[in-house]
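Undergrad: Next input, structure requested:
(2 chains)
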Amino acid sequence: MSKLIATSTIRGARSIVKETEVLLEKTIQQKGKDYEFEFPDTAFYLPMIYALTGFPVKTLSDMKVALGFAQELLHDDPDENLWLPYLGETLDSGMATLFAEEIFLALRYINGDEPYIDKETGYTYNGFITDTIQRNLGVQLVDGTMPGFAAIIGAAPSEDIAVSIVRELQEKNILIFLSGQSNGDSVTKQLLRKGVELGWDSRIVPLGPHTEHTLYALDWAIRASLIFGAKKPGDFKEHLKYQKDRVFAFAIVLGELDDLKWATGAGAINMGFPAICDTDVPVIHPTGVCTYEEVDKELDHSRIVQRAIEVRGLKITVEKPPIPVAYGPAFEGERIRKEQTFIEFGGQRTPAFELVTMKEMEEIEDNKVVIIGDNWLEEYEKGGKMPLGIVVEVAGRKMQKDFETIIERKIHQILNEAQGIWHMGQRDINWIRISASAKSAGITLEHLGIILNTMIHSKFKSIVDKVQTLIYINETDVLRERQEAQKIYRQRDIRLSTLTDESVDTFYSCLLCQSFAPSHVCVITPERLGLCGAYNWLDGKAAYEIDPTGGNQPIPKGSLLDAKYGRYSGVDEYLKKASGGAVETLNLYTIMENPMTSCGCFECIVAIIPEANGVMVVNRGSQGMTPIGMKFSTLAGSVGGGMQTPGFMGIGVNFITSKKFLYGDGGIKRIVWMPAALKERIKEDFIIRAKEEGIPDLLDRIADETICEESDPLLEFLTQKQHPALEMDPILT
Amino acid sequence: MDIKHGSGNIEANEILKWAYEHGLETSFQRASKIKQCPIGSSGACCRACNVGPCRLVGKKDEEELTGVCGANLPTVVSRNFLRMIAGGTAAHSDHARDMVLTLLAVARKETKDFEIKDVKKLFRVAGILDINYEGRAIHDVAHDVAMMFLQDFQRQNGELNYIKRAPKPTQERWRKWGIIPRNIDREVCEAMHRTSVGVDHEPENLLMHGLRTALADGWGGSMISTDVTDILFGTPYPMKAEASFGIFKEDEVNLVVHGHEPTLSEKIVEVVEEKEMIEYAKSKGAKGINLGGMCCTANEILMRHGIPTAGGFTNQEIGILTGIIDAITVDVQCIMPAIVELSKRFHTKIITTSAKGKMAGAIHIQYDEHRAKEIARQIVRIACDNYVNRKTKGSHITKKYPMIGGFSHEYIEYMQGGKFRASFRPLNDAIISGRIRGVVGLAGCDNPRVQSTGLHKHIALELIKNDVLIVSTGCGSAACGTAGYLIPEMALESAGPGLREVCEAIGIPPILHLGACVDNSRILTILSAMAEEGGLSNEIGGMPGVGIAPEWMSEKAIAIGCYFVASGVPVVFGGESPVGASKEVAKLLTDVCFERFKGAFHFEPDPDKMISLTLMYIDMARDALKLRRYEKGKYATDRILMDMAARREIERAAKPHIGF
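TA: Numbers count the residues shown, from 1 in each chain, chains lettered A, B, ... in the order given. Just a heads-up that it's a prediction; the model follows:
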């Protein structure tokens, strides 16, 4: 019965709080109470404590204060008979456990014990999950490619069961965190022994070998409401409601539970995350704290994943092509090294290309794969390398010429998601590898076509009625067809460059992020792509055709109210509605007045540097200090969540080289600082834009971290380089 | 034995038997000897003027009979009923006034004997009243709160402060039918005016004012009293206590606090712990001082301090029969004058403390909140002094029952989610899924005209078997407590499977002790919170909930019943119907009230019919809410599985514009 759970939890909480007290005192003695600490790359201090109490823990003495919050939440065990109610007390103890564990892990970081390194195998666990990773995953969190999160705690009864549970989760696109152990073994070790690839690319993330390492997963979850939900630190009701409603996490507990597992679980239940155990534990079925059951058991390992998904109330629809290997986003990041490769195509080794082209309906035999070239199978069986031309022909009543590129760009993801197939590049610079193990599972060239046909149907349902794939393998055929393709690529580039905000009458919104950031609306125009970098205007247009009630909606521009700042009557009207009244008006081309809002998964942040009369652009992943004294992670904390914050704005990388970038504020000439890596990344396009602006060497006049990370030397550098921003109208008026 | 029904409280019955053998009389014998006046009990006696009293009995009485002035049965019955409501409302609300005046005295620092124990609750109440509390001195906030509450006894027009705590649709119904109270005293005064000779003769008009007066009790007097008591003495949370006559001790001074207002009893609770007092008791040969409660004073100090209770209304005489109670202090309401006469047969001293309630033959010590502790000590000393006089042997029973009390609105919210997730979601979910069929407020008095407390016990047991969660107050709580029902094990042994699951998940008994009879207001705020939580009815009306007072006897019960009906809760009362003489009035109280407010007032003497009527209302509400039809052991398992599109639709709510 649940009193057992309550008793274990309440006891577990008291014990971890005590243990943390001891470690904290010891660390204070060694380092002093003013010793400062922050987890790697986060703007949110100790995120759980910060989100739920609003208290920013910066030093060891702050930890003492925060541990006090945990102590206040402790209770006595329920009596054997005539017990007083215990559920509220149990949940409080769960929260105390999370606070204590967070401090405990912070102390382990201070003492150099985290991320945990396994002495036997030398394996380094992930440890704390950074803000950067969280933001990198932003798009996947909202577009359905990462619909849920599983924390697996403990060890499966066998390695094979561990693998099968993990594979099932992977095929359902669920991100997996591993922690804890059972009888000295753990799923992490079981997977390592079976040679399963671990890490962010395969979506299996071992956090650490102990139960308390589960907190890293919860710390990751709670930042979703801070970053994307813009919930105020300390507003625990809102944070926990957000977690329950929007963060579809659950725990699968393998093996027996001890006090600390129950206590950590009770903390997770506070967040609305249920636990499903594979042992004969007491269950808690009445609902209301979690959406459905709080604790359930499923002794059959082949059903435990399905049960967990149901208990969390998660809907997952997975389309899988009929191929002999696993398929799903979890395999997208899988690498195939040279020695694992059976055969490869393109990549400067052989001529190759890929093209999607539109045909008439009657020209296509649906789902057909045609391999053009004699004895293709024999050639393939030899392995090594081979020329390859892929031409995907599509037709549909609602298909448009503009959508060809959209579908073509998806080839990368579609092929990559097959286990044992690796794809890189695009157009005529593509590179494909098929691994030896995929080959031995039965993958042939034909399967490339099958995968493309099936998944293009699935992803572009309402615009593609028929699809067939032609695969060329003879060098002469490939070279000839590639020449044709190159003509098409050029035409497309020309078409794209003529697409301007003025030349169309409809923009598109992107509301995908509203599942996490309910009041944020991206307005996507031909010259301004979504801030996540994943959706441009054509994507929006195609997505609307595919699903007219989906996350991308047309915005009739209406009348131009302000050409300089880019204000349109239609955009304003739409925004009021779609943001639920949060945003009244928007200027597309300025950062200074009613700029675009952000969800939180922007590729870059633009921020003004008033003393330099310009702006800096910082990319996600940049970890260093910037001239305004804030790192990316800190800056990002003040931009997300659907709020308009004049002077700060999240953007996609490619927007920097758009003519409409800060057009109303003076364009790229305002940029005075960018991290060197970002400068390198956009160099080619930037120089072209700089020439157009009449300052071909503008990029060299822009400072980076190798030149300065502070304001004074920045001004010195800009003056010395005669940076144009210094002569421009004041940015602050 | 010359007793028709006896008590359902086993220990009480044993003592009654002993009393019979020793020729001592109690209310139980008198109830058997004296029949209820058949004219008065059905509401047919009009004594509004000295032309009468007129009794309206005979053939075709409803159609043809009138009094001398022409007042017909519906008029007379509804007038009498309104007077009962006014009486009950006056009782709770006069109690509330005293509480507010005590709060004011504390705020003005006129008394050192009281303090504000629950600042959080003070601020919560201030928040509800739109009184700014941030950064202000506690006493200033308390002053504003007290003054604001006093407005409810003073303003001539407008609405009571707490009307806004009701769900909006409930308020709309009240506005539509014009029954929002303006001022508690005004509604009571107007009720008396309307029912004096020659004023209001229209039954519907009388009864609507009756509901308005009752609302002034529920959302006024009672609610104010509960909140101010929590502010002054702390919001209850669960604690262990004991019930029945075994709580009295042979070797200690036994002092009983009986009545309703908690101010003096709170001080007695404090002073009996004082070393000086204990020494004083010891100097009289006792080992210590044993404090016990009776009636609703017991509930107040049991909820907050775990002080044991000897039971409810009908146990007051029986207590004296134990022969070991050294003093009983009483204040107001439900005090039988019989205890004075009976106490003369033993050594027990009866001490009255309120200027409003005196009894010939009792010692009177006037309570004054400005020197409350001093008075409390004086009373304790009298009890100690009297310890040496214990000579007459009584019937001392040692049996007592453990119980859990202390379920305030605040704790009930907390227990469903802890500090961080406190809400009513789990309760609403449990009702929606069918684990809990519905909720019943089991309240009201105990009554020697039936097997006293026996009806409570029977109904409680049957309802929890049927997965109905019970919240109890007043002597209903005492009845369940002295039966040993208020323990968590009760869920495992006697509750239906769904209710049991919920009780096990939270760790609660299937019957939650909410406090005294004024604390029925807690049920109103709980129902409001359930409406706000969503998933059930968006108003109080339409909830699968019923109020039952199977053994009611006080006018206060009628006032409580009426404020539940007006708020949207059907109620079932036992005993003779005080409107039994008029079908028209009975119809107004059932069909018409249901149509207007979704509440209905039933009188039904048969306990099994009370249960079936209750379950009928609960199931009807479940049907109307399109909830799963109740079936024991089977629960709704519908899941809404969320894909990404569904998640985007969760909330398109407006967010305030936050600039930088």
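Undergrad: CA only for contacts and neighbour counts going forward, please
TA: Fine.
Undergrad: quick one: low-confidence parts of chain B?
TA: Scanning chain B for pLDDT under 70 picks out the ranges B:1, B:650-660.
Undergrad: 50 - rerun?
TA: Where chain B drops to pLDDT under 50, the residues are B:652-660.
Undergrad: Map the structural domains onto the sequence of it.
TA: Chain B breaks down into these domains under automatic domain parsing: B:10-64, B:73-233, B:245-387, B:405-624.
Undergrad: could these be laid out in JSON lines, adding mean neighbour count and distance to residue A:697?
TA: Formatted as JSON lines, the domains of chain B follow (neighbours: other C-alpha atoms under 10 Å in any protein chain shown; distance: least, C-alpha to C-alpha, whole Å):
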{"stretch": "domain B:10-64", "mean neighbour count": "16", "distance to residue A:697": "100"}
{"stretch": "domain B:73-233", "mean neighbour count": "21", "distance to residue A:697": "58"}
{"stretch": "domain B:245-387", "mean neighbour count": "22", "distance to residue A:697": "79"}
{"stretch": "domain B:405-624", "mean neighbour count": "24", "distance to residue A:697": "57"}
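Undergrad: Give me the secondary structure label for residue B:440.
TA: strand (DSSP: H, G, I helix; E, B strand; the rest coil).
Undergrad: Quickly list what it is bridged to.
TA: Beta-bridge partners recorded for residue B:440 (DSSP bridges): residue B:470, residue B:546.
Undergrad: picking that back up, and the domains of chain B as TSV, adding distance to residue A:460?
TA: As requested, these are exported to TSV (distance: least, C-alpha to C-alpha, whole Å):
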stretch	distance to residue A:460
domain B:10-64	77
domain B:73-233	47
domain B:245-387	65
domain B:405-624	38
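Undergrad: And those: which comes nearest residue A:681?
TA: domain B:405-624 (45.6 Å; C-alpha to C-alpha).
Undergrad: Show the end-to-end separation of the closest one, please.
TA: Start to finish, the residues bounding domain B:405-624 are 33 Å apart (C-alpha to C-alpha, to the nearest Å).
Undergrad: before we move on, the earlier item: of all the domains of chain B, which one comes closest to residue A:257?
TA: That would be domain B:405-624 among those, by C-alpha to C-alpha, at 18.4 Å.
Undergrad: Run the chain-centre distance for that closest one.
TA: Distance, stretch centre to chain centre, for domain B:405-624: 12 Å (C-alpha atoms, centre = their mean, to the nearest Å).
Undergrad: Then stretch A:451-471?
TA: Taking mean C-alpha positions (C-alpha atoms, centre = their mean), stretch A:451-471 and its chain are 26 Å apart.
Undergrad: That stretch spans what distance, first to last residue?
TA: End-to-end distance (C-alpha to C-alpha), stretch A:451-471: 13 Å.
Undergrad: where's residue 572, which helix or strand?
TA: Here I'm looking at chain A. Assigning secondary structure by DSSP states H and E places residue A:572 in helix A:569-578.
Undergrad: You answered for a different chain; I wanted chain B.
TA: Judged by DSSP H and E, residue B:572 forms part of strand B:571-573.
Undergrad: For the stretch 551-700 of chain A, what lies in contact range of chain B?
TA: Contact residues (C-alpha under 8 Å from any C-alpha of the partner chain) of the stretch 551-700 of chain A with chain B: A:551, A:578, A:579, A:580, A:581, A:582, A:583, A:643, A:644, A:645, A:646.
Undergrad: Could you dump those into JSON lines with pLDDT and neighbour count added?
TA: Putting those into JSON lines (pLDDT from 0 to 100; neighbours: other C-alpha atoms under 10 Å in any protein chain shown) gives the following:
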{"residue": "A:551", "pLDDT": "83", "neighbour count": "21"}
{"residue": "A:578", "pLDDT": "87", "neighbour count": "22"}
{"residue": "A:579", "pLDDT": "84", "neighbour count": "22"}
{"residue": "A:580", "pLDDT": "79", "neighbour count": "19"}
{"residue": "A:581", "pLDDT": "81", "neighbour count": "17"}
{"residue": "A:582", "pLDDT": "84", "neighbour count": "24"}
{"residue": "A:583", "pLDDT": "87", "neighbour count": "29"}
{"residue": "A:643", "pLDDT": "85", "neighbour count": "27"}
{"residue": "A:644", "pLDDT": "88", "neighbour count": "26"}
{"residue": "A:645", "pLDDT": "89", "neighbour count": "24"}
{"residue": "A:646", "pLDDT": "92", "neighbour count": "19"}
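Undergrad: Contact partners for the residue nearest to the spatial centre of chain B?
TA: The residue lying closest to the centre of chain B (C-alpha atoms, centre = their mean) is residue B:517, at 1.6 Å. Applying C-alpha atoms under 8 Å, 6 or more residues apart in numbering or on different chains to residue B:517 gives the contacts B:296, B:443, B:444, B:473, B:474, B:475.
Undergrad: hmm, try it at 7 Å
TA: Neighbouring residues of residue B:517 by C-alpha atoms under 7 Å, 6 or more residues apart in numbering or on different chains: B:296, B:473, B:474.
Undergrad: any idea how far it is from residue B:226?
TA: Residue B:517 sits 10 Å away from residue B:226, going by C-alpha to C-alpha.
Undergrad: re earlier: distance-wise, check the residue nearest to the centre of chain B relative to chain A.
TA: Applying C-alpha to the nearest C-alpha, to the nearest Å, the value for residue B:517 to chain A is 23 Å.
Undergrad: circling back to that earlier point, any idea which of the contacts of residue B:517 is the one closest to residue B:545?
TA: Among these, residue B:473 lies closest to residue B:545 (C-alpha to C-alpha), at 15.2 Å.
Undergrad: Excluding chain neighbours, what is closest to the residue of the stretch 51-200 of chain A found nearest chain B?
TA: Distances between the stretch 51-200 of chain A and chain B by C-alpha to the nearest C-alpha are smallest at residue A:88, namely 3.5 Å. In this structure, residue A:88 finds its nearest non-sequential neighbour in residue B:418, 3.5 Å apart by C-alpha to C-alpha, 6 or more residues apart in numbering or on different chains.
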